[in-house]
Structures are given as structure tokens and as C-alpha cells.
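Undergrad: Give me a 3D structure for the following:
(4 chains)
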2 protein chains.
Amino acid sequence: MDEQVPRDFETLRATILDRRESLPKRIAQIAAYALDNPDDIAFGTAASIAASAGVQPSTLIRFAQQLGFDGFTSLQQVFRERLRERNSSYDERLQALRAKAEGGAGHRAIFDGFVAAASTSLNDISRTLDDAHLEEAISLLAKAQTIYVLAKRRSYPVATYIAYALGKLKIRNQLIESAAGLNAEMVSFATPADAVIAISFSPYAPATIEEARTISEQGVPIVAITDSSFSPLAQFARVWFEVAEADFAGFRSLSATMALAMALTVGVGEKRRDAGRKRKA
Amino acid sequence: MDEQVPRDFETLRATILDRRESLPKRIAQIAAYALDNPDDIAFGTAASIAASAGVQPSTLIRFAQQLGFDGFTSLQQVFRERLRERNSSYDERLQALRAKAEGGAGHRAIFDGFVAAASTSLNDISRTLDDAHLEEAISLLAKAQTIYVLAKRRSYPVATYIAYALGKLKIRNQLIESAAGLNAEMVSFATPADAVIAISFSPYAPATIEEARTISEQGVPIVAITDSSFSPLAQFARVWFEVAEADFAGFRSLSATMALAMALTVGVGEKRRDAGRKRKA
DNA sequence: TATGGATTGGAATTATTATTTCATATTGCC
DNA sequence: GGCAATATGAAATAATAATTCCAATCCATA
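TA: Predicted structure coming up:
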């Protein structure tokens, strides 16, 4: 027997799809039903499932045996496992996390709180992000000679990640950081042929705002990621994104901002590659 | 009969919580088990569940009857229904995102991909994080005079965030960065009374590994965040976390690492505050 | 501490459900 | 078209699981 019994749903699914052609009519019927209504298989009885699928219970068992199981029951296990593993619904999970984080003692509660905050933020941004803005921002950045990245304090990690990613994609970029106090000079090098990604959240770091103002006065287009339309960054920006990050224990999540930052970065990379290809052709 | 049979899980849950006080001992035992292990109720048999909960099957049935069901089977229906429903939202959403990200054109697809990767990572870490490791790491870091933070390249954003958060919490820390090429000196200042948070993922930055080695040879305890037990960081570390980040378009998410990093940071903050309070009292 | 009612444990009973079996039908092949 | 192999249907059977019942125990109260 080289019969390998599929232990998890994905393998099982693949096996079924693989053999689909060679299965007898009624067995194929059950196979299709199983893949279309996995929940019914998980919960139903052999008789009820067979009835829904329009076959005899014995056929159902034969189907299971063909797949290498020793009966319907062990086939059903796989379908049940699948439901088990898919963790609770998003909201339930989040609620549970929040409950643990709020009520709970210990450090696990803190961790859960941050995970919940991050999940919520991702959820929100996925709902609210404006596709048109994204396109616009990417076009703008793709045309830039050098992309300047401007962020302090809480937003700084995002800036360093953007810089890292742009670097890996071989896109010229300059992180505006203050180690040597030469920010003003760095900023002054930017021209309208360049572009800026500026990130700042309330309370806005004064230095970020100042530098954004200066650089926008030089005619350099700015893509801003910030948290409200009242943000001082918004007024200097050519395109701006409103990202609402949930917070926990006084620290805001960064995951939504990170996801957006990565999308911008990789988006620019793709756009440039496409443009390059077109130019050559 | 004013007995209202709870038809959905939430109502059932509320009912149970409501009556908790007035339930007899064994029934209460089953009630607690049911709320803690709803999946087991959904899939198990009366006998298996009763055994897990440490009661007799008959008690399980009495529990169901007290709630107005006519037997275990109808109680179980509610738990199954819950699984069916919950299963749809979260996973479907993620799958939809992935599908869009994979199949889809345009830049929205890229964004969706990063959101999906981040969600998956958060999901995973929330399932796999070991509470004991977390406690251990926090105790270790809370005792440190100075917390050194060590990470390069892709992990660097996490390090900067940790440094920012530690700073805000007024916890002495030192980010080991190479601007002036003085890393070796910085590292040499660390003593066994300090501690290190080191973060590195495959392909491990050689500098991170080297510095981690040196610093651990000086007897400084290391808390590592890395991606597998084969990681060179793991061998130097007193405590280490395995974090599996999903990736998209060649860039790994950072959200799980970030959540863990924040939990460590804030955890240390809390632990110190508690210790301080105790000392005064 | 004695007594009644409520609760529990455990085995007996009943029901439900999976599986097997066998007769019948269908299909592919010579 | 006939034969064998395969597939299918339907009912009988075996297994498993839910439920019931009754004796034992616990608990509150007088």
C-alpha cells in the first residue's frame, strides 16, 4: 500500500482534485459536494450528508475508503480539524484578546493588547484606504529622482523600514535623520524633481513639521502619512493618507502605517520596473 | 414554562454566566468547561466531553436540560452553529485579501498583500507565543541596569521602536548602531548587570551575530527574537522567541515582532514600577 | 443529629449512526 | 452482444453514543 492518507484538509483537497477525473460518477458527486460544503461534512451524519449530496450512505463510505481512510468517521475528522484550526472569527478573537488584555493580569495580557491593537488597525486601514490616493502617491514617488524619507520619534521606525526596503529595491533614497544635526542641509538639497514621504502623528514632532514646510516651499512634492485632516502635514502634502492606529498602554500600533509604507515602496518599485521595460521596448 | 431556550451562542453564554452562581457544583464545572472549550463541545461526544470535564455524561445532559434544551444533542447544535458562522468572516476576509493580492492587478493588490501578511503573522504569534518565555524575558530585562538593543537591516526598525518606547518609559537603554563605527566599543561597555534585546532573522546579519557573540561572552544575558531554533542567535540567548512572519513580495511583515517587542518593553516598565512600589512600602 | 430534598455516579436502556453485505445495475472490453 | 469487472442501491447488522433510571451521597435545615 502506497496509500498516503491525507491528514489535513489542504492535502485532502489536493488529492481529490487530482483524482477527480478518474472517479466513478457517484463518488465524484460526493467529492464535489464535499469540497463545496465542507461544513456539512464536518457536522452532518453519514445519512444526512448522503441525502444532501443525493447518494447512498454506503457511497459516502466508499468515497472515504478510496481516499485511504478506513471509514467515513476518519474522513470526517479531517473536516472537523479544519474548522478547529481556523481560529475564531475575527471579531470574536479580537474581543477575546481585548477582554484578556483589559481584565487579565500578567504580561500575556499586555502582549494580547498589542496584538489586538495591531489587528484593529489593519482592519481599519484595509477598509478605509483610498485606492486613488494610493495610485497617485505611487506615480508621484515613482517619478522622483531621490525619495526623501522624513519621520521622527514614534514614526521613525517606519522611516527606517522604508529606507531599508527602498534600498533593497535599488531606489535612491535619503533618510533625513539628525545624528549630526545636518538636517537643514539635507533638506536643502531636495529639488522639485525629487519627492518626500513624510510621516507624523499627533503630537506632531515640531522638527518634522518644520522640515516638511521648508521642503514643500522648495517645490518638492510630499506624500504624507498622518492621522487626521487637521494634521499640519496634510496642508503641505500633495497626497496624504489618514491612518488611524489603535493604541494600547499608551503606545500606538504601527502595523497599519507599516503596511501602507510597504505598499508604497513596493508599488514604486513595480512602477519603475514597468516603466523601464516600456522604455526599452 | 417561561423557559427561553438560547438559540445562539452569545445568548447561551450570557445565560450561563448569569446563572453561574446558582448552579450546583458539577453542573457549574461543566458550564465552565463549556465556555472555556467550546470547540470540544461542538465536536466531542457526550462521553468524551464528560470525561474531559471530569464529570459523568448524565451530568452533561442535566446541564443541557437546566438550560432548557431537551438533551445534550440540541445543546451541541448551538456550539456547532457558532463554529459554522464564525468560520466565515475572518478567514474568508483573509482569503479574499490574499486572492486579490495574488490574482489582482494594480497597487491595491500590493497593499492587500501586506495587510494579509501582517494579519497572518499576528494570528500566528498570538497562537504560538509561550507565556513562560515572556515572563522570563521580562524579569530578566527588568533587572538590567541598561538595556542594549541590537538589530540591523530588516530588524532595525523594531530596534528603533524599542529604543523609543524604553525612552518614553524612562528606562535606560542603548541602541547599538553603527553611524560612527563605534559598535565594538559600545558593546564592550555592557556588563552582566545589563541585558540585551537582540533581533535577527534569516539571513542573519553577520554583524548582529558577531556582536551578540561578543556580548554574551562578556556574560551579558540576551533576550533574542529570531525565526528558528537553528538561528545562531538562539544559542547565545538566555531566552529566545521564535517569531514566524509571513512575507509578501519578498518583504516580511514586522507586525508580530513589533507586538512582541512592545509587550517586552511595556512589560519591563510595569515590572519596574511594581518593584519600585514594593521597595517603598 | 436526624430528615427531606437536591445532586451525583454508574450502569442499563434506548436511540442513533456507521458500516457491511448482498443483490442489482452499469460500464468497459473482447 | 456477451462477459467480467466495477459501481450502485437498499436493507441488515454492528457499533457507538445519548439518555434514563435508580441507588448512593451530599447538604441544608430543624
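
Undergrad: only C-alpha atoms for contact and neighbour calcs from this point on.
TA: Noted.

Undergrad: In terms of helices and strands, where is the residue lying closest to A:Asp70 once chain neighbours are set aside?
TA: Leaving aside its sequence neighbours, A:Asp70 sits nearest to A:Ala64 (C-alpha to C-alpha, 6 or more residues apart in numbering or on different chains; 7.1 Å). Assigned by DSSP states H and E, A:Ala64 belongs to helix A:57-66.

Undergrad: Check A:Ile225 too.
TA: Here A:Ile225 is assigned to strand A:222-226, by DSSP H and E.

Undergrad: Name the strands paired with that strand and say parallel or antiparallel.
TA: Here strand A:222-226 is paired, per DSSP bridges, with strand A:195-199 (parallel), strand A:239-242 (parallel).

Undergrad: do the next helix or strand after the shortest one and chain B meet at all?
TA: What it means is strand A:239-242. Sequence-wise, the next helix or strand downstream of strand A:239-242 (DSSP H and E) is strand A:247-248. No - for strand A:247-248, no contact with chain B is found by C-alpha under 8 Å from any C-alpha of the partner chain; the gap never falls below 9.7 Å.

Undergrad: Please name every helix or strand in contact with the next helix or strand after strand A:247-248.
TA: Sequence-wise, the next helix or strand downstream of strand A:247-248 (DSSP H and E) is strand A:251-252. Using 3 or more C-alpha pairs under 8 Å, 6 or more residues apart in numbering or on different chains; DSSP states H and E as the contact test, no helix or strand touches strand A:251-252.

Undergrad: Please look at A:Val115 and B:Ser126 and confirm they touch.
TA: Yes - if you go by C-alpha atoms under 8 Å, A:Val115 and B:Ser126 touch, sitting 7.2 Å apart.

Undergrad: Comparing those two, which shows the higher neighbour count?
TA: Taking neighbours as other C-alpha atoms under 10 Å in any protein chain shown, A:Val115 and B:Ser126 compare with A:Val115 leading, 32 against 19.

Undergrad: And for the more buried one, nearest residue in space, chain neighbours not counted?
TA: Here the residue nearest A:Val115, using C-alpha to C-alpha, 6+ apart, is B:Ala259, at 5.8 Å.

Undergrad: Pull the contacting residues for that neighbour.
TA: For B:Ala259, the contact set (C-alpha atoms under 8 Å, 6 or more residues apart in numbering or on different chains) comprises A:111, A:114-115, A:118.

Undergrad: Counting neighbours, show which residues of the helix or strand harbouring it come out buried.
TA: B:Ala259 belongs to helix B:255-280 when assigned by DSSP H and E. In terms of neighbour count (16 or more other C-alpha atoms under 10 Å in any protein chain shown), helix B:255-280 has its buried residues at B:255-272.

Undergrad: And the strands in the stretch 51-200 of chain A?
TA: Counting by DSSP state E, counting those that start in this stretch, the stretch 51-200 of chain A has strands at residues A:147-151, A:173-175, A:195-199.

Undergrad: Can you give me the pLDDT of A:Arg98?
TA: Model confidence at A:Arg98, given as pLDDT, is 69.

Undergrad: What about A:Ile197, how many residues nearby?
TA: 25.

Undergrad: and it, bridged to which residues?
TA: A:Val149, A:Val223.

Undergrad: my read: it touches A:Ala142, true?
TA: No - with contacts counted by C-alpha under 8 Å, A:Ile197 stays clear of A:Ala142, the gap being 11.8 Å.

Undergrad: Give me the pLDDT for A:Gly71.
TA: According to the prediction, A:Gly71 has pLDDT 87.

Undergrad: tell me the contacts of it?
TA: A:Gly71 neighbours (C-alpha under 8 Å, 6+ apart): A:61-62, A:64-65.

Undergrad: From B:Ala207, how far out is it?
TA: A:Gly71 is 56 Å from B:Ala207, where distance means C-alpha to C-alpha, to the nearest Å.

Undergrad: any chance of the strands paired with strand A:222-226 in JSON lines, plus distance to A:Leu166 and mean pLDDT?
TA: Output for the strands paired with strand A:222-226, formatted as JSON lines (distance: least, C-alpha to C-alpha, whole Å; pLDDT from 0 to 100):
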{"stretch": "strand A:195-199", "distance to A:Leu166": "12", "mean pLDDT": "96"}
{"stretch": "strand A:239-242", "distance to A:Leu166": "19", "mean pLDDT": "94"}
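
Undergrad: tell me the contacts of the residue nearest to A:Asp70?
TA: Residues in contact with A:Ala64 (C-alpha under 8 Å, 6+ apart) are A:70-72, A:75.
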